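Student: Below is the structure, and that's it, no one-letter string:
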């Protein structure tokens, strides 16, 4: 890397998209800004630009990295509905037949995305999926019903993808929660989930995590919109704690869990998803 940077020379900005995925191995963020001072570079002056939707990721960086970066934050607000509508109208002009999409459809796609994430990618995905549905049905014009169908399909696909991309321990936590849901034992606290998680992990020949680390995986499932997390406060007597339950259809979860070949599924789960 340093050889390549020196060949380029001058001021070089390294842009790291989704920089929050760097996790705990953040040594590179310490090394690059100090590379010239440490004698690794002579012709280049490197800088780092990180892009992230996670405003809190810097809290987990090591103290030496925080001191080295001397960062400045630039915040980009989400797109609003008129801005998204303008983006969609430009794309429709180049991608769709004349009169295939009316203003109400574009406005609906923009409104859905603006109310959710403010993301142009989401608005474009909804419009694209709406077009796919209309084409599959041999219909020449997009309607608002196509948009609603597209939104539902995309949300389901996103949830399924999120579950499949979890780590092994994320899958184990998911299966434990599914077992409790089938037994109608949710909302569940970590004290209810952890013993079941341990049994499933041991039955799958996986070393279980400690309780705190396993709780992080439940929090990840909540962040992905798979679980709903509610904090309860019982005052001095019981303190505060989190309860978890599924925020998606259990049939969707079962369809994904059915493909977990390396996990020994509990009999209660197997009986429900077969």
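Tutor: Great, that's in hand. Because the structure is a prediction, the values reported are computed rather than measured. Numbers count the residues shown, from 1 in each chain.

Student: Please make it C-alpha for all contacts and neighbour counts, starting now.
Tutor: Noted.

Student: Please identify the buried residues of stretch 28-39?
Tutor: Using 16 or more other Cα atoms under 10 Å as the test for burial, stretch 28-39 gives 29-30, 32-36.

Student: same question, stretch 77-88
Tutor: 78-81, 84-85, 87-88.

Student: what's the closest of those residues to residue 178?
Tutor: Proximity of the buried residues of stretch 77-88 to residue 178 (Cα to Cα) peaks at residue 78, which lies at 34.3 Å.

Student: For that closest one, list the residues it contacts.
Tutor: 114, 117-119 (Cα atoms under 8 Å, 6 or more residues apart in numbering).

Student: what do you get for residue 87?
Tutor: residue 120.

Student: now the strands: where do they sit in the chain?
Tutor: 10-17, 44-51, 188-189, 227-233, 240-246 (DSSP state E).

Student: right, so of those strands, which gets closest to residue 197?
Tutor: So among the strands of the chain, strand 188-189 is nearest, using Cα to Cα, at 12.4 Å.

Student: Paired strands for that closest one, with orientation please.
Tutor: Paired with strand 188-189 in the same sheet, following DSSP bridges, are strand 240-246 (antiparallel).

Student: Tabulate the strands of the chain (JSON lines), appending mean pLDDT.
Tutor: Output for the strands of the chain, formatted as JSON lines (pLDDT from 0 to 100):
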{"stretch": "strand 10-17", "mean pLDDT": "94"}
{"stretch": "strand 44-51", "mean pLDDT": "92"}
{"stretch": "strand 188-189", "mean pLDDT": "92"}
{"stretch": "strand 227-233", "mean pLDDT": "87"}
{"stretch": "strand 240-246", "mean pLDDT": "90"}
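
Student: can you tell which of those strands is closest to residue 211?
Tutor: Comparing these under Cα to Cα, the one sitting nearest is strand 188-189, at 11.8 Å.

Student: Residue 208 versus residue 182, what's the distance?
Tutor: 22 Å (Cα to Cα, to the nearest Å).

Student: Please apply the same query to residue 98.
Tutor: 58 Å.

Student: Equivalent analysis for residue 105, please.
Tutor: For residue 105 relative to residue 208 (Cα to Cα), the value is 49 Å.

Student: can you check residue 178 too?
Tutor: Counting by Cα to Cα - residue 178 and residue 208 are separated by 18 Å.

Student: which regions of the stretch 101-250 of the chain lie under the pLDDT threshold?
Tutor: When residues are selected by pLDDT under 70, those of the stretch 101-250 of the chain lie in 236-238.

Student: ok, now with 90
Tutor: When residues are selected by pLDDT under 90, those of the stretch 101-250 of the chain lie in 102-103, 116-119, 152, 155-162, 212, 219-220, 222-225, 229-242, 247-249.

Student: tell me the contacts of the residue lying closest to residue 196 once chain neighbours are set aside?
Tutor: Leaving aside its chain neighbours, residue 196 sits nearest to residue 176 (5.8 Å; criterion: Cα to Cα, 6 or more residues apart in numbering). Residues near residue 176 by Cα under 8 Å, 6+ apart: 193, 196-197, 200.

Student: same deal with residue 110?
Tutor: Going by Cα under 8 Å, 6+ apart, the list of residues near residue 110 reads 81-82, 84-85, 88, 123.

Student: From the rest of the structure, what touches stretch 207-226?
Tutor: With Cα under 8 Å, 6+ apart as the criterion, stretch 207-226 contacts 159, 162-163, 169-170, 173-174, 190, 194, 197-198, 201-202, 227-229, 244, 246-248.

Student: correction: stretch 20-29
Tutor: With Cα under 8 Å, 6+ apart, stretch 20-29 has contacts from 48, 52, 54, 57-58, 60-62, 65, 69.
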